[in-house]
Each structure stands twice: as C-alpha cells, then as structure tokens.
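Chemist: No letters, just coordinates:
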C-alpha cells in the first residue's frame, strides 16, 4: 500500500488486505517514512498536528502483541478532545477500537537539545488523565512493529481530562517520576473493574517514556520536533480493551482529581 491507500483505510475504518510487514525488507525505518508521508497528506487536506502518542511503553503487554519496544504517531486536531466532563465519543470510522488509560502531558516549550529528565520537566506545562482510543487495521490485532507504525501508531482518538499544572503536582523531575511510578489506575467498564495498572508499567514512569520518545523522535529523519502547545500521551497503564457502542468506561487514578469517563456511541 502507498500513503494514499493508508490514509483511505484510516478514513473508512476497513482492515488492510495484507500486512505491510509481509513485504520483504519492510522495516521500522520504512514504516516511519510511510507514516510521515501520511502526515503530509493529512496536513495538505487541512488537519493540524496537535502532538504525539507513544505506544507500547507498557512492557507487561509486549508478548501479547509481539511488539517489544515503544512506537510513536501523530495526534491531530480531528482526533483530540479536551474536557474535564464526561465525554460521549462516536466510534464511526474506527477499526477494531480499544481503550487505554494513560497520562497526558502538555508542553509549554520545546525541550533543549540532548534534553535531560530535568530539562523535559521544565518544558512541561500541564499533566492530565487521558483515554486513548487505539485501532488496528489488521484483523484480530495481529501485526509486526512496522505495521503499527505505518498504521498511524494505532492512534484513533485521544480524550484529555482535567489538566493540572505540573508545578502543582511535583517540584522536580525526580519527584514527578517517583509519584507517577508508584501511582495506580483502576479501569472500569460500567461498574465492573476490568484491570488495575501502575505507572511503573510505562517504561518505569510516564516521564521516562517522554525521555525515550524525545530521543526517538529527534532521531527519525523528517520528523517534527515538539512545539509549544503540543500534547503527548505516554502509553497505557493496562492492557488495551475492545470497546463498542453503548459502553461507558471510567479510569480512576490514585492521584487526586485524576479520573475521567467516556461513553461510546455510533
């Protein structure tokens, strides 16, 4: 498939007929170039990049998906919703959607070159709970890492809950890392608790996930660096769970005021 065909599948919610990784020599580097070509097409038709998603930061789920390292993709103005209230979200156009509870960051400036964890901390503006709705255009979520990258990083939608200034949560990078590493989230479908996850699942903490992502982003030819105002969601604390119209999901993080809920509809 070429970038135009990848974009068309993203629009119509239909599965690919064949994995890109089935083509000999198709690797992660080629997949990122395809993803960046799709990004160019989306910008050309009027969509605006609003930041990034990091995927597969949760080491506990790597064997389930046969992906053994983080990936990243673009978040768009057409896929991003920010609200402190409960959300209703349409699943129209989504392909095999699943839900993930995550921690989302907002940047107030571009981190400096060769940024340390402290540099990244001081570049942050806010932190918030979030739900990423992920999707796969390969049947039964069977893929290789390169497929997930070309598939937009599996990004479908991002719901950002109530934002809190990072300085109100922690006074240093190490304090924020420690807080998030020991925090937990309870994920519920209606009144049923589905799973409890912890921040340490996400490359030891979401802040460490940011550090890893920034190096990968800047090492990718043709990528665009973090900009002031960008959001970055750092990866799921639990497994990704299938969702369907009529369901309501809730994530309650152990940090005060860090919770959100979403109901899905056609």
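Modeler: Arrived safely. Computed from a prediction, not measured in an experiment: that's the story for all the values here. Numbers count the residues shown, from 1 in each chain.

Chemist: C-alpha only now, for contacts and for neighbours.
Modeler: Will do.

Chemist: Give me the mean pLDDT for the helix or strand that contains residue 81.
Modeler: Assessed by DSSP states H and E, residue 81 sits inside strand 80-82. Mean per-residue pLDDT for strand 80-82: 94.

Chemist: Same check on stretch 137-157?
Modeler: Averaged over stretch 137-157, pLDDT sits at 98.

Chemist: Stretch 51-68 too?
Modeler: Stretch 51-68 shows a mean pLDDT of 97.

Chemist: same thing with stretch 107-123?
Modeler: Stretch 107-123 comes out at a mean pLDDT of 97.

Chemist: what's the first-to-last distance across that stretch?
Modeler: Stretch 107-123 has its terminal residues 6 Å apart, counting by Cα to Cα, to the nearest Å.

Chemist: How about residues contacting it?
Modeler: When contacts are defined by Cα atoms under 8 Å, 6 or more residues apart in numbering, stretch 107-123 is touched by residues 124-126, 172-174, 207-208, 210-211, 215, 225-231.

Chemist: Show me what counts as buried in that stretch.
Modeler: 107-111, 117, 119-123 (16 or more other Cα atoms under 10 Å).

Chemist: picking up where we left off before, following the strand holding residue 81, which helix or strand shows up next?
Modeler: That would be, after strand 80-82 and using DSSP H and E, strand 87-90.

Chemist: Can you list the strands that the helix or strand following that next one pairs with?
Modeler: Sequence-wise, the next helix or strand downstream of strand 87-90 (DSSP H and E) is strand 98-107. Here strand 98-107 is paired, per DSSP bridges, with strand 124-134 (antiparallel), strand 231-233 (antiparallel), strand 241-242 (antiparallel).

Chemist: how about the helices of the stretch 101-250 of the chain, start to end?
Modeler: For the stretch 101-250 of the chain, the helices defined by DSSP state H, counting those that start in this stretch cover 117-123, 145-150, 166-169, 173-182, 206-218.

Chemist: Which neighbouring elements make contact with the strand holding residue 81?
Modeler: Counting contacts by 3 or more Cα pairs under 8 Å, 6 or more residues apart in numbering; DSSP states H and E, strand 80-82 packs against strand 155-160.

Chemist: Just flag the most distant two among the buried residues of stretch 107-123.
Modeler: Distance extremes for the buried residues of stretch 107-123: the farthest pair is 108 and 117 at 15.5 Å, using Cα to Cα.

Chemist: Please list all residues in contact with residue 55.
Modeler: Going by Cα under 8 Å, 6+ apart, residue 55 touches 70-72, 153-154, 234-236.

Chemist: What residues does residue 27 make contact with?
Modeler: 21, 146.

Chemist: buried ones in stretch 5-24?
Modeler: Neighbour counts over stretch 5-24 (16+ other Cα under 10 Å) mark 6-7, 9-10, 13-16, 19-21 as buried.

Chemist: Measure how far the worst-scoring helix or strand of the chain on mean pLDDT is from the centre of its chain, please.
Modeler: Ranked by mean pLDDT, DSSP states H and E, the helix or strand of the chain with the weakest confidence is strand 87-90, at a mean of 90. In terms of Cα atoms, centre = their mean, to the nearest Å, the centre of strand 87-90 is found 18 Å from the chain centre.

Chemist: And for residue 99, the neighbour number?
Modeler: 23 (other Cα atoms under 10 Å).

Chemist: Relative to residue 238, how far out is the closest residue to it other than its chain neighbours?
Modeler: Sequence neighbours aside, residue 133 is the residue nearest to residue 99 in space, at 4.7 Å (criterion: Cα to Cα, 6 or more residues apart in numbering). To residue 238, residue 133 is 13 Å away according to Cα to Cα.
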